[in-house]
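*Asks:* Provide a 3D model corresponding to the input given below.
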Amino acid sequence: MGRQDKGHKGIVWFMLAALSVMAVILAVPGFSNKGLAGLALEELSAGRPSAQPAQIQSSPAAKTAVSSPVSTITAFFEDDMVALHSRSGAGDVTTVTALEDGQQATIRWDKDTGVPAFLTGPVTPPAAAGLPEATYAFLDENSDIYQISRPAEELVLQRMERDGLGMTHLRMAQVYKGVPVFGSELSFHYTADGKISAINGYYLPGIDLSVEPEVGKAAAVETAQAKLGQGAVLSDREPPELVILPQEGTSVALTWKVTLVSEDPPLRMVYFIDAHSGELAAAYNALQDVVNRQTYTANYGTSIPGTLMMNEGSAWTGDSVVNAAYYNTGRTYDYYYNTFGRDSINGSGMDIKSTVHYRSGYNNAFWNGSQITFGDGDGYVFSPLGNALDVVAHEMTHGVTQYTAGLVYSYQSGALNESYSDVMGAMVDRDDWLMGEDVYSPQTPGDALRSLSDPSRFGQPAHMNSYVNTSSDNGGVHANSGIPN
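*Replies:* Numbers count the residues shown, from 1 in each chain. Predicted structure coming up:
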């Protein structure tokens with residue numbers, strides 16, 4: 001029996017808005033992406049999650065946060081677990097506040113920084129030539145609220161997009177003396193008539209630090225490679241860069257952000273090397289699990305993309321897994337295009353690359369920042385993952401998230417990342433509210449990885465009062481995705 005489509009029309013419109021305003025939804029009470037805006041290697045599964053809270057572990061060198069949890073993210077090797085500060089948003093206070101020109105806005109204040117984490121209007125900004133200029137003028141006029149003294153110098157416009165609802169969305173990234181502040185972005189959402197509907201994000205005021213590194217780029221790369229070991233190479237898409245890393249409270253560190261990739265095991269590790277001391281400041285795994293289509297085979301090896309088997313317009317092959325992955329990426333592309341007018345993963349016609357037959361008996365699928373990869377499973381935990389439409393849509397949505405909200409794949413932002421992928425997987429594959437039911441535990445009929453309609457059925461929490469506080473699974477990204485689901 002097919003599922004009862006609980007408010008399908010409303011859900012589709014919600015997801016349409018979410019694709020353009022994904023960051024706005026971070027205002028869900030208790031969920032936050034403050035300070036985290038990169039992306040991880042996102043995997044479909046970390047094993048079925050336990051709903052029991054786990055003890056937070058911290059590395060001996062890691063500081064303990066005063067006002068929000070500092071947890072560790074496993075950097076593949078247990079002895080390389082390093083704290084990446086996670087801001088929960090819990091304890092933020094909401095008030096109705098008068099702005100400088102007498103208008104009122106509802107503001108949720110960040111308890112760590114004392115600046116707005118979320119502002120809702122509508123608010124009419126000062127008259128200006130365009131929306132970026134209006135944004136800077138609004139911040140300048142309300143500098144006592146946002147504590148931004150020179151908006152045009154401290155915030156750089158990253159993206160401006162108009163959605164199908166007529167709203168325009170601006171993303172602005174914080175810089176300090178020309179150095180980007182990692183994860184510090186504000187998103188401004190304008191109605192069709194030019195009013196500010198909402199502002200959300202994270203901004204760190206009062207930074208005071210030298211931006212002259214005492215440790216060079218080469219030394220930082222060497223330190224990172226020593227952590228990951230042989231086989232790790234620099235990502236050719238993400239060269240090392242100097243960034244300011246927010247830490248606990250309002251403290252910061254000047255760091256080199258170094259991204260290393262490995263094929264076996266598949267990893268996309270992001271290291272932050274202190275540019276003054278040379279020590280490892282933080283790390284996380286940025287690999288994310290599950291038109292021009294290109295479907296490859298890895299021939300049970302680890303080199304990807306591998307051998308090209310099908311491209312757009314090709315005839316079907318004799319390999320049913322290749323055919324299924326090709327077909328399912330096309331179904332997902334069609335859904336995004338026909339529903340949201342979105343042209344591929346990046347919105348601009350990006351090639352959709354997928355690889356099947358990755359390793360032998362590999363029980364997972366992942367998005368690595370540029371393509372999707374599927375294992376064949378071992379026949380017990382999974383059958384070939386590229387055969388499942390919802391799994392393919394899940395992985396492609398990780399790519400969409402990368403090019404829109406940019407949610408770091410850890411802790412609460414990672415759980416939101418997983419949730420968006422599950423929801424869109426269910427929107428593309430409409431026969432039920434289960435995730436991975438066609439390929440998970442093939443010898444157990446009716447089994448699935450997760451249930452969107454009843455998260456507790458497969459061990460996920462359904463509400464924030466059951467939030468799983470753990471350092472495993474990148475901070476419980478698969479466990480806690482059931483809460484927004």
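*Asks:* I'd assumed residue 277 was in contact with residue 219.
*Replies:* No: Residue 219 is beyond contact range of residue 277, at 11.3 Å (criterion: Cβ atoms under 8 Å). From N, CA and C alone the C-beta is placed, and that goes for glycine too.
*Asks:* beyond the helix ranked longest in the chain, next helix or strand please.
*Replies:* Criterion DSSP state H: the longest helix present in the chain is helix 320-340. The first helix or strand that comes after helix 320-340 along the chain, using DSSP states H and E, is strand 351-356.
*Asks:* got the end-to-end distance for stretch 337-350?
*Replies:* Taking Cα to Cα, to the nearest Å as the measure, stretch 337-350 stretches 13 Å from start to finish.
*Asks:* didn't residue 155 look like it was pressed against residue 176?
*Replies:* No: Residue 155 is beyond contact range of residue 176, at 10.9 Å (criterion: Cβ under 8 Å).
*Asks:* the two: which has the busier surroundings?
*Replies:* residue 155 (25 against 19; other Cβ atoms under 10 Å).
*Asks:* which strand residues bridge that one?
*Replies:* Beta-bridge pairing of residue 155, defined through DSSP bridges, involves residue 174.
*Asks:* who are the packing partners of the helix or strand where residue 254 lies?
*Replies:* Using DSSP H and E, residue 254 sits within strand 252-262. The contact analysis (3 or more Cβ pairs under 8 Å, 6 or more residues apart in numbering; DSSP states H and E) places strand 252-262 against strand 179-190, helix 217-228, strand 233-234, strand 241-246, strand 267-274, strand 280-285.
*Asks:* now that strand - C-alpha only, PDB.
*Replies:* Extracted as PDB, the C-alpha positions of strand 252-262 are listed here (Å, rounded to 0.1, in the frame of the first residue of the first chain):
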ATOM      1  CA  VAL A 252      39.000  32.800  17.800                       C
ATOM      2  CA  ALA A 253      42.100  31.400  16.300                       C
ATOM      3  CA  LEU A 254      43.900  32.200  13.000                       C
ATOM      4  CA  THR A 255      44.200  28.900  11.200                       C
ATOM      5  CA  TRP A 256      45.100  27.300   7.900                       C
ATOM      6  CA  LYS A 257      42.100  25.300   6.600                       C
ATOM      7  CA  VAL A 258      43.600  22.300   4.800                       C
ATOM      8  CA  THR A 259      41.300  19.800   3.000                       C
ATOM      9  CA  LEU A 260      42.800  16.300   2.300                       C
ATOM     10  CA  VAL A 261      41.100  13.500   0.400                       C
ATOM     11  CA  SER A 262      41.700   9.800   0.500                       C
END
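*Asks:* what residues sit buried inside that strand?
*Replies:* 252-262 (16 or more other Cβ atoms under 10 Å).
*Asks:* what is the nearest of those to residue 332?
*Replies:* residue 261 (24.6 Å; Cβ to Cβ).
*Asks:* separation between the closest one and residue 228?
*Replies:* Distance of residue 261 to residue 228, computed by Cβ to Cβ, to the nearest Å: 9 Å.
*Asks:* overlap in contacts, those two.
*Replies:* Common neighbours of residue 261 and residue 228 (criterion: Cβ atoms under 8 Å, 6 or more residues apart in numbering): 267, 269.
*Asks:* still on that earlier bit, JSON lines for the helices and strands packed on strand 252-262, including mean pLDDT?
*Replies:* Below are the helices and strands packed on strand 252-262 laid out as JSON lines (pLDDT from 0 to 100):
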{"stretch": "strand 179-190", "mean pLDDT": "93"}
{"stretch": "helix 217-228", "mean pLDDT": "91"}
{"stretch": "strand 233-234", "mean pLDDT": "86"}
{"stretch": "strand 241-246", "mean pLDDT": "95"}
{"stretch": "strand 267-274", "mean pLDDT": "90"}
{"stretch": "strand 280-285", "mean pLDDT": "88"}
